[in-house]
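A.B. asks: Next come a sequence and a model predicted from it.
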Number of protein chains: 4
Amino acid sequence: MSDDLFRFSIPITVRYRDIDAQGHVNHAAYFSFMEQARVEYVRQLGLWTSGRWDDLGFIIVEACCTYERPIYYGDPVVVWLRVSRLGNKSLHMAYRIEAAGALAAQARTVSVCYDYRVGATRPIPESWRATITEYEPALRRLSR
Amino acid sequence: MSDDLFRFSIPITVRYRDIDAQGHVNHAAYFSFMEQARVEYVRQLGLWTSGRWDDLGFIIVEACCTYERPIYYGDPVVVWLRVSRLGNKSLHMAYRIEAAGALAAQARTVSVCYDYRVGATRPIPESWRATITEYEPALRRLSR
Amino acid sequence: MSDDLFRFSIPITVRYRDIDAQGHVNHAAYFSFMEQARVEYVRQLGLWTSGRWDDLGFIIVEACCTYERPIYYGDPVVVWLRVSRLGNKSLHMAYRIEAAGALAAQARTVSVCYDYRVGATRPIPESWRATITEYEPALRRLSR
Amino acid sequence: MSDDLFRFSIPITVRYRDIDAQGHVNHAAYFSFMEQARVEYVRQLGLWTSGRWDDLGFIIVEACCTYERPIYYGDPVVVWLRVSRLGNKSLHMAYRIEAAGALAAQARTVSVCYDYRVGATRPIPESWRATITEYEPALRRLSR
């Protein structure tokens, strides 16, 4: 996985409450950091405009993280996210978490588009597909 | 993965604070549920007796979860955990999370033994290896 | 405040994730423990039956906690809750948190009945008032 | 309480995980926001320089918050903190939480200086007293 595939990132300020009894950021907090990146991705790309949580239409079906080094309080954290694959209903995302300038974790998730009002999965809306494909340089290269 | 390999489990009471804006247990909370099972595993098997966090000697290097169905407030949750493999320094664990009697998630983690006082990884203590091998029926079968 | 005024309680299992860098239960987690008691109170008294969060009709306007001693991992925790006063729109609640058999914290909250669908406060429903007054021995004594 | 007494503030980025089932920032998260302000206060004023959690020498004994309005995802949040009183062992702090430019909450805490290595309270170090008194305009006015 080459770094230059990532175009989208958010900064995270580590909170005292992210630190656990072992003195570093708790491993589950990494998933909350990535979740934050996902929400901001769909918000900043205009895929979620209502601000209503019912309209935030996807659900996690898989999440994997490889931890490279601990994150400490005060470390500036950046979460990089890219959509690595678009299925019919599924969005595959890849992540890099950097802390204090070094790679702290790599991860991937699979989400499925979901209609919370109906309570069922659904295909990725065409508008999402167009926007994401336009935004992600690596996706466009793959689809050619 | 056959169910009868799991011998250890803990109950989890879902808290209101585990529920997110989508109305179900947040995906990152599953990792906290499994973390709770890990801590209880080493505590109940007598591998961690001091109660000092510095002595809780392992660190997560990989965590993967596959989500099968949402967990709702009020669902009785059980987290099953087993050690699936013992490396030189690494403990591989497998998990099943059941909610309201149905499979809600399957997961696995890799931990590495770690000396928090020295700040370095270390081989699994022989006493841990003996206790875990004795406790885990599947591990004993594999090692024959 | 005399102990025998409390009739309702829930047990809390301290989670590893409740522990902070100082090695004891984080002070904010006490508020989550009490929140859990509130949700269970309205659920177990039949004041919230739909299971829909939109129907859980109150909102916190004040919360105060006095910490008596730390809570550690493994301590059995019990949260006692009672409604100490019913206003027109407001519910005043008192709490005692016990850990390992000793008083760990005392607290109080003021909530206001709230209609999440309309986005406005409202008077306490008469059915709530009747049920709570019937349930709380101290309230009945006060209202005579 | 006049606004111009506050000199110290930190920004908080609301996370998806701060939002609860009711769709706004959970009431307990406000206490984590204020905790973050406390840690930054002692760090930025040079009262805690080691970065070791054992050296972060105070413990919360009281925390009260009055909620003025909900905080939503996307609201820019600022937490203002000032030391309102210095006792022999105790630090009294006052807080204002602003969200989207409006007052969202007011709060106060009482902390006591604590030596985590010894496990006992202790008087406020003179260096802390001097630094805080120098920094806080309102404290200096009060002490004349």
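C.D. replies: Done, it's in. Here the structure is a predicted model, which is why all the values come from computation and not from measurement.
A.B. asks: Counting neighbours, which bits of stretch A:70-86 end up buried?
C.D. replies: By neighbour count on 16 or more other C-beta atoms under 10 Å in any protein chain shown, the buried set for stretch A:70-86 is A:70-71, A:73, A:75, A:77-86. All C-beta atoms are positioned from the backbone trio N, CA, C, and that covers glycine.
A.B. asks: For chain A, what lies in contact range of chain D?
C.D. replies: A:12-13, A:15-17, A:19, A:23, A:32, A:35-36, A:39, A:43, A:51, A:53, A:72-74 (C-beta under 8 Å from any C-beta of the partner chain).
A.B. asks: Which secondary structure element of chain A has the lowest mean pLDDT?
C.D. replies: helix A:137-143 (a mean of 73; mean pLDDT, DSSP states H and E).
A.B. asks: Can you name the residues in contact with the longest strand seen in chain A?
C.D. replies: Taking DSSP state E as the criterion, chain A has its longest strand at strand A:102-115. Contact with strand A:102-115 is made by A:1, A:30-31, A:34, A:38, A:57-71, A:75, A:77, A:84, A:89-98, A:120-125, A:128, as judged by C-beta atoms under 8 Å, 6 or more residues apart in numbering or on different chains.
A.B. asks: and stretch A:22-32, average pLDDT?
C.D. replies: Mean pLDDT, computed over stretch A:22-32, is 97.
A.B. asks: How far off centre is it?
C.D. replies: Per C-alpha atoms, centre = their mean, to the nearest Å, the displacement of stretch A:22-32 from the mean C-alpha position of its chain is 16 Å.
A.B. asks: now check it, is it near chain C?
C.D. replies: Yes. Stretch A:22-32 lies within reach of chain C by C-beta under 8 Å from any C-beta, at A:23, A:26, A:28.
A.B. asks: for the second one, what are its contacts?
C.D. replies: The neighbourhood of residue A:26, defined by C-beta under 8 Å, 6+ apart, consists of A:18-20, B:32, B:35, C:17.
A.B. asks: Out of the residues you listed, which is nearest to chain D?
C.D. replies: Using C-beta to the nearest C-beta, residue A:19 is the member of these that lies nearest chain D, at 7.6 Å.
A.B. asks: Contact partners for that closest one?
C.D. replies: Per C-beta under 8 Å, 6+ apart, neighbours of residue A:19: A:25-26, A:72-73, C:20-21, D:53.
A.B. asks: Dihedrals phi and psi, the residue of chain A positioned farthest from its centre?
C.D. replies: Largest separation from the mean C-alpha position in chain A: residue A:21, at 26.3 Å (C-alpha atoms, centre = their mean). Phi and psi for residue A:21, reported as degrees, to the nearest 10, are phi -60, psi -20.
A.B. asks: So is stretch A:82-93 next to chain B?
C.D. replies: No. Judged by C-beta under 8 Å from any C-beta, stretch A:82-93 makes no contact with chain B; its nearest approach is 12.6 Å.
A.B. asks: Now the terminal residues of that stretch, how far apart.
C.D. replies: Stretch A:82-93 has its terminal residues 6 Å apart, counting by C-alpha to C-alpha, to the nearest Å.
A.B. asks: what's the answer for stretch A:16-33, then?
C.D. replies: 14 Å.
A.B. asks: Likewise for stretch A:109-122?
C.D. replies: First-to-last residue span, stretch A:109-122, C-alpha to C-alpha: 18 Å.
A.B. asks: What distance do you get for residue A:139 to residue A:131?
C.D. replies: As judged by C-beta to C-beta, to the nearest Å, residue A:139 and residue A:131 stand 11 Å apart.
A.B. asks: quick one: which of these two has more around it?
C.D. replies: Using other C-beta atoms under 10 Å in any protein chain shown, the more surrounded residue of residue A:139 and residue A:131 is residue A:139, with 18 against 15.
A.B. asks: What residues sit buried inside stretch A:8-27?
C.D. replies: In stretch A:8-27, counting by 16+ other C-beta under 10 Å, buried: A:8-10, A:12-27.
A.B. asks: try stretch A:92-101
C.D. replies: For stretch A:92-101, burial by neighbour count (16+ other C-beta under 10 Å) applies to A:93-99.
A.B. asks: of the contacts of strand A:102-115, buried ones?
C.D. replies: Among the contacts of strand A:102-115, those scoring as buried are A:30-31, A:34, A:38, A:57-65, A:67-68, A:70-71, A:75, A:77, A:84, A:90-91, A:93-98, A:121, A:124, A:128 (criterion: 16+ other C-beta under 10 Å).
A.B. asks: all helices of chain A, in order?
C.D. replies: For chain A, applying DSSP state H gives helices covering A:27-44, A:126-135, A:137-143.
A.B. asks: out of the ones you listed, nearest to residue A:116?
C.D. replies: Among these, the nearest to residue A:116 by C-beta to C-beta is helix A:27-44 (14.0 Å).
A.B. asks: Any part of the closest one near chain B?
C.D. replies: Yes. Helix A:27-44 comes into contact with chain B (C-beta under 8 Å from any C-beta), by way of A:27-29, A:31-32, A:35.
A.B. asks: what sits against the residue most central in space within chain A?
C.D. replies: Closest residue to the average C-alpha location of chain A: residue A:38 at 3.8 Å, with C-alpha atoms, centre = their mean. Applying C-beta under 8 Å, 6+ apart to residue A:38 gives the contacts A:81, A:93, A:109, A:111.
A.B. asks: Next, find the distance separating the third one from residue A:90.
C.D. replies: The gap separating residue A:109 from residue A:90 is 10 Å, by C-beta to C-beta.
A.B. asks: now do the first one
C.D. replies: Residue A:81 sits 16 Å away from residue A:90, going by C-beta to C-beta.
A.B. asks: try the last one
C.D. replies: Look at residue A:111 and residue A:90: by C-beta to C-beta, they are 7 Å apart.
A.B. asks: Give the intersection of the neighbour lists for the two.
C.D. replies: residue A:61.
A.B. asks: Point out the residues in chain A that sit beside chain C.
C.D. replies: Residues of chain A lying near chain C (C-beta under 8 Å from any C-beta): A:16-17, A:19-21, A:23, A:26, A:28, A:73.
A.B. asks: can you rerun that using 7 Å?
C.D. replies: Counting by C-beta under 7 Å from any C-beta of the partner chain, chain A comes close to chain C at A:16-17, A:19-21, A:23, A:26, A:28.
A.B. asks: For those residues, give me TSV that also has distance to residue D:104.
C.D. replies: Below are the residues of chain A next to chain C laid out as TSV (distance: C-beta to C-beta, whole Å):
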residue	distance to residue D:104
A:16	20
A:17	18
A:19	25
A:20	28
A:21	30
A:23	31
A:26	27
A:28	27
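A.B. asks: for chain A, what are the low-confidence residue spans?
C.D. replies: Chain A contains residues with pLDDT under 70 at A:1-3, A:141-144.
A.B. asks: repeat that for 50
C.D. replies: Within chain A, the segments meeting pLDDT under 50 span A:1-2, A:144.
A.B. asks: separation between residue A:100 and residue B:59?
C.D. replies: 18 Å.
A.B. asks: quick one: residue A:32 and residue B:28 touch, right?
C.D. replies: Yes. Contact criterion C-beta atoms under 7 Å: residue A:32 and residue B:28 qualify, at 4.9 Å.
A.B. asks: Which neighbours do those two have in common?
C.D. replies: By C-beta atoms under 7 Å, 6 or more residues apart in numbering or on different chains, residue A:32 and residue B:28 have these common neighbours: residue D:17.
A.B. asks: Contacts only, for residue A:30.
C.D. replies: A:65, A:97, A:105.
A.B. asks: Quick check: nearest residue in space to the second one, chain neighbours excluded?
C.D. replies: Read that as residue A:97. residue A:105 (4.2 Å; C-beta to C-beta, 6 or more residues apart in numbering or on different chains).
A.B. asks: Counting neighbours, what do you get for the one you found?
C.D. replies: Residue A:105: 26 neighbours (other C-beta under 10 Å).
A.B. asks: can you check residue A:7 too?
C.D. replies: Count around residue A:7 with other C-beta under 10 Å applied: 12.
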